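S.K.: model this:
(one chain, ligands or ions: 3)
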Amino acid sequence: TKWVYSFGGGLNEGGAGMRNLLGGKGANLAEMASIGLPVPPGFTITTEVCSAFYENGNNYPQGLAEEVAGALHRVEEVMGLTFGDANAPLLVSVRSGARVSMPGMMDTVLNLGLNDQTVEGLARSSGDERFAWDSYRRFIQMYGSVVMGVPHHRFEDLLEQAKRGLGVHDDTAVTAADWREIVEGYKEIVQRETGKPFPTDPQAQLWGAIGAVFGSWMNPRANTYRKLHEIPASWGTAVNVQSMVFGNMGDDCATGVCFTRDPSTGENVFYGEYLVNAQGEDVVAGIRTPQPMAAEKATPDQSPMEKILPKAYGELMRVRELLEKQYRDMQDIEFTVQRNTLFMLQTRTGKRTAAAALKIAIDMAREGLITQEEAIQRVPPTSLDQLLHPTLDPKAEKTQIARGLPASPGAAAGAIVFTAEEVEDRAAQGEDVILVRIETSPEDVHGMHAARGVLTTRGGMTSHAAVVARGMGRVCVAGAGSIHVDYKAQTLTANGVTLKAGDWITLDGGTGAVYVGKVATIPPTLSGDFGTLMGWADDVRRLRVRANAETPDDAETARKFGAEGIGLSRTEHMFFGPDRIGHVRQMIMADDPEARKKAIGALLPFQRDDFASIFRIMRGLPVTIRLLDPPLHEFLPHGEAELAEVAGALGQSIESLRARRSALSEANPMLGHRGCRLGISYPEIYAMQVRAIMEAAIAVSREAGESIVPEIMIPLVGMKTELEVTRKAAEAVVAAVFAEQGTTLDYMIGTMIELPRAAITAGQIAEVADFFSFGTNDLTQTTLGLSRDDAGSFLPYYVDHGLLPKDPFVSIDREGVGALVQMGAEGGRKTKPKLKLGVCGEHGGDPDSIAFFESVGLDYVSCSPFRVPVARLAAAQAVL
Ligand code: ADP
Ligand code: MG
Ligand code: MG
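M.R.: Ligands and ions are numbered 1, 2, ... in the order given. The predicted structure is shown next:
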């Protein structure tokens, strides 16, 4: 096996297509070098070394040392420098790089190869003593913390103290002599903290850093990130060793991080930040304030790179175009300018907000950079959620207390919380919270995930908080420098206002504004690029998309989002209205069929109105109405106090109500007296519902002048006989209504397939069904023998430990539940080739599940109204 691949200086053994082996960073460094961009030469130690390392009890594979030595020697030759040489030393960076970028998870060591001798050589060869010692102290600081585990703040504290003593604020004002002293102090810190001297041998430094990168693959922060993003531990990380270029050699030097387009809005402008006379992560560290790239994006008090370093900027503009052509996507790049010469240090496909993803996809398709199909595939369906979220109501009363950077858009309100742990705790209680930090680090990632929004007081658009929040779709305002956070007192102060932990604030991630209290929001707009993308998706998808809705509000939202009908209207939700529940309870308490009929009769007009308003909203589109499904005890009061109240209202004794409740109580309600079993025991209930549906359909057809085709759905059928009986009863009601109204109407009677037996005997059931709708929620419960309400105690473990690839209630279990869906579909279609097939569980809005339903050839999916756009896009991606 080849363990090491060279890049730069005329030898590129890798390329963009090799990211699995070389990691994203290594693959792209080789790619950039091979298209002629200025990349400092180096080499990549493959991800296979990482895997081999962990498989072999933390030992490197044979031959690695020789390959590294050979590749390093090549770099020495290209650069004309020697690693460890006391006169003209080669310095390198050691950088991690996994297949997918894991922001902040792994640490880079810069300026490696320095010691007390080589630093003097560097000072001489560069003619800049200050620069050499600045590099040395950076190296000890990074190596000391990353490789040797010295807490970072030990170094920072010493530096702060020294600067205070010198009366300077910026690092750039610290002189060579001062750095010499600080370096001595740093070495003492290392000795004191680790009991070991700082390593002076460059070879030992190199292997220490390589080991630290591989070690960081398994650290808890990396594990957390992988878990959140479903990245397998087996992928491993690569290590990149690259000759250093220096952005800290003076005012004609700089380092920067930027995007080829605005990652927040998608706007086609060069976007990013840079710092003069700086190195590495200075830009994102928040110590100095980074400056903008483009002059047109700068305020008068800023120093845009375009003006300050015009030559390098011009070169960068050329690189930007080349990179977008090469990668055919927006890139996130890192560069350094050494004495007016540009060097490229990284490129990767840029993370972006949902809004930016959408705009960039549409723009690039229009620019001819990508095809329409590619544009459809460029937008992750679930990210549309973000676009469908509310923004602040411009007319709402609001008091702004600060403004930071608009790091990740959307509006979020919540209680102020200062630690990630507390965010998690409170979010688990269902509270809306905002994580407020001076700055965030990888330890905060889990808290950021649980928060509604994130506010930091330090750092730029590419700070950790900003990058991670954008990736997660969390609202983020970053670098709100006028806010003073006091962790100890648990307060934040801005503009003369002091707020305590628990007080509410509202963030506007689109403008960077921070407001006191909870500010009103308005719904999103669905036109423009969003409408265009949806149109493109609709052109290619085969699956129809319906919504699950029972209230007029939901039906309206669904229609607005492009639902092509209603796939599930749960009638029981209509039973809970304050004007209905009394009748429902009368019905349940009724001692004889006559009393029951009376109570049910009182419900009829309500149901008829409900259905009529849905039919009206969905005019021209199919509507599936499911007859009563849940067990009756769900409608009875639970608490004792409520019991007394209800008994009074019903004119019943508490005892009889209690007796009825206990008679109806079940050990396993999920498998109990529900669904069509209710309709069979109490035919009056279904008769009333069928009557209400048909009367409403006839009435709305008359008023609309076009006919409504209601789809009546019988739940929880396990055998053909159940559907036969309920269907016959329903047809009798339909016939009666037709006779009374002197008219007829097309209608369908179908069933849900949500029990394994129904899927297995689908061929028989289809003989009496006009359609099937797979109820994948119940089908998942019944197939796995696993109740959704009880799964919380062990299912997360299964998913965390890989016993199940995903939560089967979120994404369909293809091998089990999916196989039954397929069996049901095939069985049904064998009997009736044109049988209409749909899905109405949660899975109807899950992109992975939708891809599966496409492959099985279902006719439609039905999901909650807000998921309709997600499903439309996912359905399009499923056929591409
Ligand atoms: P991350 O994965 O956290 O972005 P990188 O490996 O990209 O870490 O390193 C962080 C920063 O260090 C880079 O953006 C760049 O500024 C600096 N850096 C890395 N390698 C070099 C190098 N060979 N010369 C100069 N700067 C470098
Ligand atoms: Mg980093
Ligand atoms: Mg980087």
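S.K.: and Gly10, backbone torsions?
M.R.: When read as degrees, to the nearest 10, the backbone of Gly10 gives phi 90, psi 0.
S.K.: surely it is in contact with Glu77?
M.R.: No: between Gly10 and Glu77 there is no contact under C-beta atoms under 8 Å: 10.5 Å. (Glycine included, C-beta is placed from N, CA and C.)
S.K.: would you list every one of the strands in the stretch 201-350 of the chain?
M.R.: Under the criterion DSSP state E, counting those that start in this stretch, the stretch 201-350 of the chain contains strands at 237-243, 254-259, 271-276, 291-292, 331-338, 341-349.
S.K.: any weak-confidence spans in this structure?
M.R.: 103-106, 286, 462, 471 (pLDDT under 70).
S.K.: helix/strand/coil for the nearest residue to Lys597 once chain neighbours are set aside?
M.R.: Leaving out its chain neighbours, the residue that sits closest to Lys597 by C-beta to C-beta, 6 or more residues apart in numbering is Glu684, at 5.4 Å. Secondary structure, DSSP: H, G, I helix; E, B strand; the rest coil: Glu684 is helix.
S.K.: contacts only, for Glu684.
M.R.: Glu684 makes contact with 593, 596-597, 600, according to C-beta atoms under 8 Å, 6 or more residues apart in numbering.
S.K.: so Ser383 versus ligand 3, what's the distance?
M.R.: Ser383 sits 23 Å away from ligand 3, going by C-beta to the ion, to the nearest Å.
S.K.: that residue touches Ala356, doesn't it?
M.R.: No: at 9.9 Å, Ser383 does not count as touching Ala356 under the criterion of C-beta under 8 Å.
S.K.: neighbour count winner among the two?
M.R.: Ala356 (24 against 18; other C-beta atoms under 10 Å).
S.K.: for Gly535, grab the count of nearby residues.
M.R.: Residues lying near Gly535 (other C-beta under 10 Å) number 11.
S.K.: what strand or helix carries it?
M.R.: Counting by DSSP states H and E, the element that carries Gly535 is helix 528-540.
S.K.: for the helix or strand just after that helix, name the packing helices and strands.
M.R.: With elements assigned by DSSP H and E, the helix or strand that comes after helix 528-540 is strand 544-548. Identification of packing neighbours for strand 544-548 by 3 or more C-beta pairs under 8 Å, 6 or more residues apart in numbering; DSSP states H and E yields helix 552-560, strand 566-570, strand 860-863, helix 868-879.
S.K.: buried sites along the longest helix seen in the chain?
M.R.: Using DSSP state H to define each element, the chain has its longest helix at helix 593-617. Residues of helix 593-617 classed as buried under the neighbour-count rule (16 or more other C-beta atoms under 10 Å) are 596, 599-600, 602-604, 606-608, 610-617.
S.K.: so what does the very next helix or strand once past it touch, helix or strand wise?
M.R.: Once helix 593-617 ends, the next helix or strand along the chain (criterion: DSSP H and E) is strand 623-626. In this structure, strand 623-626 makes packing contacts with strand 566-570, helix 593-617, strand 710-714, judged by 3+ C-beta pairs under 8 Å, 6+ apart.
S.K.: keep the buried residues of helix 593-617, but drop any that are not near ligand 1.
M.R.: Applying C-beta under 6 Å from any ligand atom, the subset of the buried residues of helix 593-617 adjacent to ligand 1 is empty.
S.K.: just the closest of the contacts of Glu684 to ligand 3, please.
M.R.: Using C-beta to the ion, Ile600 comes nearest to ligand 3 of the contacts of Glu684, at 67.6 Å.
S.K.: what residues does the stretch 251-400 of the chain have near ligand 3?
M.R.: Selection of the stretch 251-400 of the chain residues close to ligand 3 by C-beta under 5 Å from the ion yields 334, 346.
S.K.: sweet, I'm off.
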